[in-house]
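[1] Sequence and predicted structure, then a few things I'm wondering about:
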Amino acid sequence: MELTIFILRLAIYILAFPIYLLNFLGLWSRICKKCFPYFLARFTVMYNEQMASKKRELFGNLQEFAGPSGKLSLLEVGCGTGANFRFYPPGCRVTCIDPNPNFEKFLIKSIAENRHLQFERFVIAAGENMYQVADGSVDVVVCTLVLCSVKNQEQILREVCRVLRPGGAFYFMEHVAAERSTWNSFWQQVLDPVWPLLFDGCSLTRESWKTLERAGFSKLKLQHIQAPLSWEMSGKKGSLLFQMSLEHEELLMQ
């Protein structure tokens with residue numbers, strides 16, 4: 001199995017040589033930052049269609065964490081194109097953070113399509129350093145399909161703990177490493193070396209649940225599921241090459 005993975009990886013390295021060369025020259029990152037939002041905008045349509053029930057389940061109790069005013073203050077880290085907006089409760093005050101400024105025009109479109117929300121601002125920053133957001137200033141932090149690509153998961157979770165008010169909640173949905181000795185795991189290992197270059201730093205083999213278990217939240221609800229995402233191959237449907245880890249809520253103890 002290891003030899004097969006090595007051979008397939010070698011083939012991918014050869015096929016992807018132009019990308020590695022552009023990356024070595026410092027050009028690929030700029031290309032990816034500009035192109036990735038267009039890909040994500042198209043992917044989001046399919047993703048939300050197939051994951052809508054899971055997202056409704058995940059975000060179903062958001063309003064329970066609203067402050068005394070009844071208004072829910074929500075910070076979305078790695079907001080992308082605003083794919084989660086339609087699942088947030090009416091009147092929710094939303095602040096977005098993403099390190100890629102090229103997402104802004106897509107966010108503007110999503111805001112226009114989700115008038116039930118009160119949009120606060122878009123902050124261009126990495127989740128590991130959200131100094132623009134004050135300590136204990138938000139009721140809820142949301143982070144979906146982001147922990148796979150951040151440089152430091154522990155640091156981003158420390159920042160989440162800092163900006164959440166006492167009793168606030170952190171919601172996340174991530175794709176994670178599949179169980180060893182499965183075909184999903186096999187293809188994750190084959191594709192992982194080139195995957196981050198193609199998908200803006202995304203890793204296929206992170207065991208993000210372990211980092212979350214160590215993060216110090218007072219309550220953790222964690223559920224591993226097989227995402228109902230699929231592709232067509234030879235007229236047959238097959239599951240996508242990653243699992244989803246769906247976590248309903250983590251309550252912060254301070």
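    Sure thing, it's come through. As the structure is a prediction and not an experimental result, all values here were calculated from the model.

[2] in the strand with the most length in the chain, what counts as buried?
    Using DSSP state E to assign secondary structure, the strand with the most residues in the chain is strand 164-176. Of the residues in strand 164-176, those buried by neighbour count under the rule 16 or more other CB atoms under 10 Å are 164, 165, 168, 169, 170, 171, 172, 173, 174, 175, 176. From N, CA and C alone the C-beta is placed, and that goes for glycine too.

[3] cool, stretch 121-138 as well?
    Using 16+ other CB under 10 Å as the burial criterion, the residues of stretch 121-138 that qualify are 122, 123, 125, 126, 127, 128, 130, 133, 138.

[4] Of those, just say which sits nearest to residue 27.
    Sorting these by distance to residue 27 puts residue 126 at the head of the list, at 21.2 Å, by CB to CB.

[5] From residue 218, how far out is the closest residue to the closest one other than its chain neighbours?
    Counting by CB to CB, 6 or more residues apart in numbering, residue 99 is the residue found nearest to residue 126 once chain neighbours are left out, at 4.6 Å. Between residue 99 and residue 218 the distance, using CB to CB, to the nearest Å, works out to 29 Å.

[6] picking up where we left off before, which of the buried residues of stretch 121-138 fall in strands?
    Taking DSSP E as the definition of strands, these contribute 122, 123, 138.

[7] In contact with the closest residue to the first one other than its chain neighbours, which residues?
    What that stands for is residue 122. Closest residue to residue 122 apart from its sequence neighbours, by CB to CB, 6+ apart: residue 96 at 4.9 Å. Going by CB atoms under 8 Å, 6 or more residues apart in numbering, residue 96 touches 75, 76, 79, 82, 107, 119, 121, 122, 123.

[8] 6 Å instead?
    Contact criterion CB atoms under 6 Å, 6 or more residues apart in numbering gives 76, 79, 122 as the residues in contact with residue 96.

[9] Next, the first one: secondary structure please.
    By that I understand residue 76. strand (DSSP: H, G, I helix; E, B strand; the rest coil).

[10] for the second one, same thing?
    Following three-state DSSP, the label given to residue 79 is coil.
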